[in-house]
Every structure is written in C-alpha cells, then in structure tokens.
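A.B. asks: give me a model of this one.
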Amino acid sequence: MNEALLPEPQSAVLAGGEEGFLSLPVRTRKPRLSGITHVLDKGMPPTLLGAHLDLAGESIDFLKLGWGTGYLDPALAERVTLCREASVTLCTGGTFLEIAEAQGRRAEFARWAAACGFGAVEVSNGLGLIEPTAKRELISMLAADFVVLAETGSKNPAASADPAAWVGEIGADLDAGATLAVAEGRESGTVGLYEPDGRVREEMVDRLTTQIPLERLVFEAPRRAQQVWLIRHLGPAVNLGNVDPTEVLPLETLRLGLRADTAELTTTRALR
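C.D. replies: Residues are numbered from 1 along each chain as shown. Predicted coordinates:
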C-alpha cells in the first residue's frame with residue numbers, strides 16, 4: 001500500500017452514536033462521490049432487505065437488482081420504498097436491458113424503469129448483443145432520466161480482456177453521459193477484471209486507473225481477496241461493486257483498517 005494513498009485519520013461514530021476513539025481512514029457519508037459500495041441483490045425477501053438496510057444502509061450507495069429479477073419481482077414496489085427511505089439508489093441489471101434492446105424495446109424499458117421508481121440503470125454489453133454505437137445511444141437517452149452505470153467487459157470466460165480496448169470503451173461511455181463506469185467481474189469474480197481463478201488482472205487495473213479518473217470507476221469485486229487487493233492498491237475510497245449484502249459491514253472493516261488484511265491503514269502512522 002502506497003502511504004501517499006493513506007488519508008488523514010478521523011474519529012468514527014460507533015454503534016449507538018458514540019464518538020469513536022480510534023484514528024481511522026476518512027469515510028465520507030452519503031451522498032458520496034468516492035468510496036461507493038454497490039450491492040448485488042439477487043432477489044432477497046423484502047423483510048431481509050429491510051434488515052440489511054437497517055444494519056448497514058449508511059454504507060450502501062447502490063443496490064442492483066441482478067439480471068432480470070426486478071422484472072419478475074412481486075415485491076418490487078416495497079423494495080423501491082425501502083431503498084428510497086435508506087437513501088440507496090436502486091439500479092436495474094445490465095443483462096435485462098441488453099435483452100430489451102435486442103428485442104427493440106428500449107423505450108418500453110425506460111418507461112417501465114421510471115414508472116417503477118428506479119434511480120439508476122446499468123448499460124452493459126456482456127452478452128455481445130449491442131453494437132458500440134447503440135450502447136452510446138442508450139447511455140445518452142437514459143442519462144436524461146437516470147444515473148447511468150455503464151459496464152465494460154464480457155461475461156464470456158473465453159473472451160479476451162484488452163486494457164486499451166477497455167479504456168477506449170469506458171472513455172466513450174463517460175462522454176456519452178454515463179456517471180460511472182463499471183469494470184466487469186460478474187457475481188463469480190472470474191471474468192473481465194479477473195483471471196478464471198479470481199486473481200486480479202493487474203495490468204488492466206493499472207491501465208484503467210492511469211487513464212480514467214478513479215472516482216468514475218466501479219470495480220466489481222464479489223470476493224474478499226479482490227476487495228483487499230483493490231483497497232490496498234487503490235486506497236479505502238475505491239468504488240467497489242457486486243458486493244454481497246451480508247458482506248457490507250465486513251467490507252467497511254476492510255476500508256477502515258479494522259481487519260488483518262488491511263490493518264496497515266490504521267497502524268502505519270502509529271508505528272512511524
């Protein structure tokens with residue numbers, strides 16, 4: 001971990017509202033522009049979602065309804081309300097939009113998402129069904145009404161992941177109106193940004209972070225080892241996505257150096 005990335009320490013507010021006694025990395029409160037935690041909801045019951053939001057809602061910025069689960073969800077209205085009350089932005093899954101686009105239903109998708117109360121949409125091409133020009137058109141159209149998260153990378157494990165191509169695609173997506181660019185990792189953490197065994201493709205991360213502003217990037221990182229690597233190399237304010245709802249508080253301990261994997265964030269200064 002480069003010490004230049006270490007933020008100035010601050011006191012944290014503990015459970016119960018008491019002032020903390022440890023010096024910890026800075027953790028901004030919502031709405032934040034960096035240190036975003038993007039959670040993947042695979043269709044958990046609303047009662048369970050409510051419990052997760054009560055426990056860790058302050059640490060969650062986006063909740064993505066994976067794939068097309070939102071389209072089938074009989075409790076979608078309740079899910080929207082829970083997220084709104086917790087100041088969490090609800091996002092559609094990219095695969096769902098890809099299928100709608102393939103069927104020529106982009107306008108219908110936009111009306112449906114707005115009527116349901118989604119605040120964000122993911123625009124991706126993980127299935128390889130959308131031409132680059134059409135992807136930019138989608139981003140530009142949807143950015144008028146939604147926060148757009150534009151994902152780059154294929155869901156096919158056999159597909160190549162070329163850093164230069166990713167940088168070009170992400171730059172074009174941001175120019176088209178996307179708020180954030182998402183680096184593909186899937187729920188499995190074994191494609192796109194990662195090798196089949198889950199190891200980070202370091203050349204990809206290096207190229208992205210030297211040519212794209214870090215605060216505009218969201219790295220899908222479903223595995224703890226991936227979260228640790230990204231925090232240690234890019235700092236605790238890195239934007240992380242596809243986090244499991246049960247891992248939100250554990251991720252906060254990683255960001256704040258309260259876990260052995262990143263304890264140097266809180267001990268380096270004390271040891272100097």
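A.B. asks: what's opposite Val218 in the beta bridge?
C.D. replies: Beta-bridge partners recorded for Val218 (DSSP bridges): Val182.
A.B. asks: any idea how far Arg111 is from it?
C.D. replies: Distance, Val218 to Arg111, by C-beta to C-beta, to the nearest Å: 26 Å. C-beta here means a position set from N, CA and C on the backbone, and glycine is covered the same way.
A.B. asks: ok, now Phe146?
C.D. replies: Look at Phe146 and Arg111: by C-beta to C-beta, they are 12 Å apart.
A.B. asks: who are the packing partners of the one helix or strand Leu230 maps to?
C.D. replies: Per DSSP states H and E, Leu230 falls inside helix 224-234. Contacts defined by 3 or more C-beta pairs under 8 Å, 6 or more residues apart in numbering; DSSP states H and E place helix 224-234 against helix 202-211, strand 240-243, helix 248-255.
A.B. asks: any chance of these in CSV, plus mean neighbour count?
C.D. replies: Conversion of the helices and strands packed on helix 224-234 to CSV gives the following (neighbours: other C-beta atoms under 10 Å):
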stretch, mean neighbour count
helix 202-211, 15
strand 240-243, 24
helix 248-255, 18
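A.B. asks: so which of the ones you listed comes closest to Ala86?
C.D. replies: Closest of the helices and strands packed on helix 224-234 to Ala86 is helix 248-255, at 11.8 Å (criterion: C-beta to C-beta).
A.B. asks: Ile99: which of the helices and strands packed on helix 224-234 is closest?
C.D. replies: Among the helices and strands packed on helix 224-234, the nearest to Ile99 by C-beta to C-beta is strand 240-243 (19.3 Å).
A.B. asks: partners of that closest one in the sheet?
C.D. replies: When sheet partners are counted by DSSP bridges, strand 240-243 sits next to strand 37-41 (parallel), strand 217-220 (parallel).
A.B. asks: from the chain's centre, how far out does that strand sit?
C.D. replies: 4 Å (C-alpha atoms, centre = their mean, to the nearest Å).
A.B. asks: what residues does it touch?
C.D. replies: Applying C-beta atoms under 8 Å, 6 or more residues apart in numbering, the contact partners of strand 240-243 are 36-40, 62, 64, 182, 185-187, 189, 218-222, 227, 230, 251.
A.B. asks: can I get it as CSV, trimmed to CA atoms?
C.D. replies: Extracted in CSV, the C-alpha atoms of strand 240-243 (Å, rounded to 0.1, in the frame of the first residue of the first chain):
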residue,chain,number,x,y,z
LEU,A,240,-16.5,-1.5,-5.3
GLY,A,241,-19.4,-3.3,-6.8
ASN,A,242,-21.3,-6.6,-6.8
VAL,A,243,-20.8,-6.8,-3.0
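A.B. asks: checking Gly70 next. Helix, strand or coil?
C.D. replies: helix (DSSP: H, G, I helix; E, B strand; the rest coil).
A.B. asks: neighbour count for Val218 and Arg111, which is higher?
C.D. replies: Between Val218 and Arg111, counted using other C-beta atoms under 10 Å, the more crowded position is Val218 (25 against 12).
A.B. asks: now the helices for this protein?
C.D. replies: Along the chain, counting by DSSP state H, helices occupy 46-56, 69-72, 76-85, 94-102, 106-116, 132-142, 163-176, 202-211, 224-234, 248-255, 264-271.
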